[in-house]
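Participant: quick one: sequence plus predicted model below, questions after.
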Amino acid sequence: MNRRLTGVGPGTPGGALLRRYWQPVALVDELEGPRPVRPVRALGQDFVLFRDEAGQVGLIDRACPHRGVDLAYGRLEDGGLRCPFHGWLFGTDGRCLDTPAEPEGSTLHQRVRARAYPVQLRSGIVFAYLGEGEPPALPDFDCFVAPGTHTFAFKGLIECNWLQALEVGIDPAHASFLHRFFEDEDAKEGYGKQFRGASDGSDLPMTYVLREFPRPRIEVDGTDYGLRITALRRISDATTHVRVTNLLFPQAFVIPMSAEMTITQWHMPVDDTRCYWIAIFTSFAAPVDHARMRAQRLETYALPDYLPRRNSRNEYGYDPEEQAGQTYTGMGHDINTHDQWAVESQGAIQDRTRENLASTDKAIAANRRLLLRAMTAVEEGRAPMMALDAATAVAMTGPATIDAMAPTEGWERHWRAAAARRRAAAPWSAPALAAE
Ligand code: FES
Ligand SMILES: [Fe+2]
């Protein structure tokens, strides 16, 4: 069952399932610069992503259809990507436009094609559809509806199977430990950082709430998009801290980052043992400071491949003194590094036959059941969850995600009202949420 849950290559049940969804294969930023050509590996397959002189973006197989040469070294010219071996030219749609070594008048190019995949650019991410047949529609989630001024995208490599990287995001208990800081910062210094601000309706820093109240009660509800995960921390008889996060089946989660921003984060398998986290930060208030967000994250990740500077080769910068006095891990203040260490240290593919799930792992167990059910659906020729048609996709909005300090009596109504208030006040038109 662990193999079934974790395999992503062509011909595997997991690979067949993930090929039914749009995959976030790159950042639009990666196509900036003088030569917009990038090799991309996704779901165990190799592709080349490029933008032609007319601005059209295409994703085609990386091996040249002539004799298999690497098209990532191609020449970007004459309306396409030209193979350096014998000069065959391919358009973004995969059509062969020229075979310049063939005799004058040859029609060979009309019979040759590179396999091309549908792409769409949304909120700073290049999404590609790597499966057969018609791609599904993307829902009207906030991260797609918000304008470019209010979104920002970034990514980073994680060297383990995608599912364990996703599972850390639907585990609300770990934040009280793995991301514990022994000192709270001024919330005003927290721009662009997870857990550094305060919750809606509170002055208490999130770091304080997580540290002092480490036993959340966790509720998991099935929804049409996946799961809603509610973590309740009882602060006093009168007050309860509510943190609402979501699983967007099959590969993403939506969580609050600060009072104004949320994070929608996918885990895109490179192959069975590596994945990229790739996220859209969405602001419900001021425009996102792109330069600041990017500079903060480039301290942790190195271009051009967004490789983490702290990794298993340098012990993640582990410092026992820091662990004794400042942070729970001793691995610095960037929570991305903590999560990366946690999931990479489980092994390239975690052996789940040896784990012991606890009450805090409710959402992880529920998600595995969803995945297995969806794989069976694909095998039986039915559409899996979230393979949406256009009408269903436009009706799928939100989802609501928030940190709020709520009255212990009536917290359910309170967080919904707080989330609705933030949407109503947003400077872009955040779609109303479906009543539940
Ligand atoms: S291998 Fe690409 S043109 Fe010959
Ligand atoms: Fe985390």
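Facilitator: Thanks, I have the structure now. Ligands and ions are numbered 1, 2, ... in the order given.

Participant: what's the neighbour count on T337?
Facilitator: T337 has 21 neighbours, counted by other Cβ atoms under 10 Å. Any C-beta I mention is one placed from the backbone N, CA and C, and that applies to glycine too.

Participant: so it, which of the three states?
Facilitator: The three-state label given to T337 by DSSP: H, G, I helix; E, B strand; the rest coil is helix.

Participant: then the one 5 residues further on?
Facilitator: Look at A342: counting by three-state DSSP, its state is helix.

Participant: list the contacts of it.
Facilitator: V168, H174, L178 (Cβ atoms under 8 Å, 6 or more residues apart in numbering).

Participant: now swap in I235 and tell me
Facilitator: With Cβ under 8 Å, 6+ apart, I235 has these contacts: V209, F213, H241, M405.

Participant: sorry, back to before: from the contacts of A342, which is closest to ligand 1?
Facilitator: Proximity of the contacts of A342 to ligand 1 (Cβ to the nearest ligand atom) peaks at V168, which lies at 41.8 Å.

Participant: give the next helix or strand downstream of the helix or strand containing the closest one.
Facilitator: Assigned by DSSP states H and E, V168 belongs to helix 162-169. Next helix or strand after helix 162-169 toward the C-terminus (DSSP H and E): helix 206-212.

Participant: in stretch 324-331, what's buried?
Facilitator: Q326, T327, Y328, T329, G330, M331 (16 or more other Cβ atoms under 10 Å).

Participant: export the helix holding V168 to PDB, keeping only CA atoms.
Facilitator: The C-alpha trace of helix 162-169 is given here as PDB (Å, rounded to 0.1, in the frame of the first residue of the first chain):
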ATOM      1  CA  TRP A 162       6.100  14.100  -2.400                       C
ATOM      2  CA  LEU A 163       3.500  12.500  -0.100                       C
ATOM      3  CA  GLN A 164       5.500  12.900   3.100                       C
ATOM      4  CA  ALA A 165       6.200  16.500   2.100                       C
ATOM      5  CA  LEU A 166       2.500  17.100   1.700                       C
ATOM      6  CA  GLU A 167       1.700  15.200   4.900                       C
ATOM      7  CA  VAL A 168       3.600  17.700   7.100                       C
ATOM      8  CA  GLY A 169       1.300  20.400   5.800                       C
END
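
Participant: D29: what's its closest spatial neighbour, skipping adjacent residues?
Facilitator: G124 (6.9 Å; Cβ to Cβ, 6 or more residues apart in numbering).

Participant: surely the one you found is in contact with G148?
Facilitator: Yes: using Cβ atoms under 8 Å, G124 is in contact with G148, at 7.4 Å.

Participant: what is the neighbour count of R35?
Facilitator: R35, neighbours per other Cβ under 10 Å, totals 11.

Participant: heads up, I number from 25, so please use that
Facilitator: Okay, residue one is now 25; in that scheme the one you just asked about reads as R59.

Participant: got a list of what whatever residue of the stretch 325-460 of the chain ends up closest to ligand 1 touches?
Facilitator: Of all residues in the stretch 325-460 of the chain, P328 sits closest to ligand 1, at 23.9 Å by Cβ to the nearest ligand atom. Listed by Cβ under 8 Å, 6+ apart, the contact set of P328 reads E54, R62.

Participant: residues contacting the longest helix along the chain from elsewhere in the structure, which ones?
Facilitator: When the chain is parsed with DSSP state H, its longest helix is helix 386-403. Identification of contacts with helix 386-403 by Cβ under 8 Å, 6+ apart yields 25, 28-29, 37-38, 40-41, 44, 187, 190-191, 194-196, 242, 244, 246, 250-251, 253, 271, 273-274, 381, 407-409.

Participant: now, those residues that are in helices?
Facilitator: Under the assignment DSSP H, the contacts of helix 386-403 contribute R28, L29, P37, G38, A40, L41, L187, L190, E191 to helices.

Participant: need phi/psi at the residue lying closest to the fourth one once chain neighbours are set aside.
Facilitator: The spatially closest residue to G38, leaving aside those adjacent along the chain, is G31, at 4.6 Å (Cβ to Cβ, 6+ apart). Dihedral angles phi and psi of G31 (degrees, to the nearest 10) take the values phi -70, psi 140.
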